[in-house]
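Trainee: after the sequence you'll find the predicted model.
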Amino acid sequence: MKKTLTVALAILVASASFTTVSAGKKKKKEQQKPAVEAPVPVTLASSSDTLSYAAGMMMTNGLIPYLQQQFKVDTAYMADFIRGFNETVLGGDSPAEVALRAGRQIGQQLKSDMITRMKREFSDTPDSIIEPLLFRGFTDALLADTTVMQVEAAENTFKVKQQHNSEVRIERLSKPGRDFLTENATKEGVITTPSGLQYKVLVKGEGEVPQATDKVKVNYEGRLIDGTVFDASSKHGNEPATFQANQVIRGWTEALTMMPVGSKWQLYIPQELAYGDRQAGNIPPYSTLIFDVELVSIEK
């Protein structure tokens, strides 16, 4: 419920900000940019005056690059930034001013963060997020306007669609890997363990088998099922990679704790034993992975 309320709150704030943003864009088209008013002359009549003015100037150190990077502010519009700044710091604390500032702040957060994350969540799914309708739902809920939908119904609808779209996305993204493993399991020499891990012995070692807590040295190359190489020990120097056997993905840990030193295996790791729904570097979510792994030694 907490997550649902957060989403509902995000949707509410967005609707209000959309109306303001749309009106602002229209106004910009209809009117030319107003001339910048000349600032009132400054008089520094006391030591405190001097201190305060110097402090204000000092506090702007690094601000312009920050505005450019974090807020995408065009420095040609600094007068507009200053107008907004003055409205906030000089505008008083009347209920109307407090509400206006809060609306602007929440609207900015919604546009720059919440919507981006929500759009990412619904990417590669049958549904998508349509910003104007999201913004409208947001403001209607804040105004207790239930003409289109009751708030409780909206929460239930969102949860159902969220679950359905997630299942469809997982199915679509993981299907190539499942199909690959199904076919691969029928090939000569391929062994499938109860967890779903598949492996093929390329070189049979005769050494000791590592425990999960042992530190091992390995040479490896990792590929996607389309053959794309995403990592290899050779990319990190001439020495084998060294790590603890239980501090890697589950498919690796299972394989390493079955491999005698001197072995070289080809591993076929389902997404559940790899990175699952996470994007890991160049590895897309729900990817089945192929590794050639040579167990060089165990470090005691």
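Mentor: It's in.

Trainee: in the host helix or strand of Ala79, what's buried?
Mentor: Element membership for Ala79, per DSSP states H and E: helix 78-89. Residues of helix 78-89 classed as buried by neighbour count (16 or more other Cβ atoms under 10 Å): Phe81. Just so you know, the C-beta spots here come from the backbone N, C-alpha and C atoms, and that holds for glycine as well.

Trainee: output that helix as CSV, restricted to C-alpha atoms.
Mentor: Taking C-alpha atoms only, helix 78-89 is exported to CSV below (Å, rounded to 0.1, in the frame of the first residue of the first chain):
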residue,chain,number,x,y,z
MET,A,78,19.7,33.7,-16.0
ALA,A,79,17.3,36.6,-15.6
ASP,A,80,14.4,34.1,-15.5
PHE,A,81,16.3,32.0,-12.9
ILE,A,82,16.8,35.1,-10.8
ARG,A,83,13.1,36.0,-11.1
GLY,A,84,12.2,32.6,-9.8
PHE,A,85,14.8,32.8,-7.1
ASN,A,86,13.5,36.2,-6.0
GLU,A,87,9.9,34.9,-6.0
THR,A,88,11.0,32.3,-3.5
VAL,A,89,13.3,34.2,-1.2
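
Trainee: roughly how far out does that helix sit from the chain middle?
Mentor: Distance of helix 78-89 from the chain centroid (Cα atoms, centre = their mean, to the nearest Å) equals 32 Å.

Trainee: helix or strand right after that helix?
Mentor: helix 95-109.

Trainee: counting contacts, what elements does that following helix pack onto?
Mentor: Judged by 3 or more Cβ pairs under 8 Å, 6 or more residues apart in numbering; DSSP states H and E, helix 95-109 is in contact with helix 2-30.

Trainee: pLDDT averaged over the helix holding Ala79 - what is it?
Mentor: Helix 78-89 shows a mean pLDDT of 87 in the predicted model.

Trainee: and if you look at stretch 101-110?
Mentor: Rounded mean pLDDT across stretch 101-110 is 88.

Trainee: and the angle from the helix holding Ala79 to helix 95-109?
Mentor: Between helix 78-89 and helix 95-109, the angle comes out at 130 degrees (axes from the mean of the first three to the mean of the last three Cα atoms, to 10 degrees).

Trainee: tell me the pLDDT of the residue located most distally from the centre of the chain.
Mentor: In the chain, the greatest distance from the average C-alpha position (Cα atoms, centre = their mean) is reached by Ala45, at 52.1 Å. Looking at Ala45, its pLDDT reads 95.
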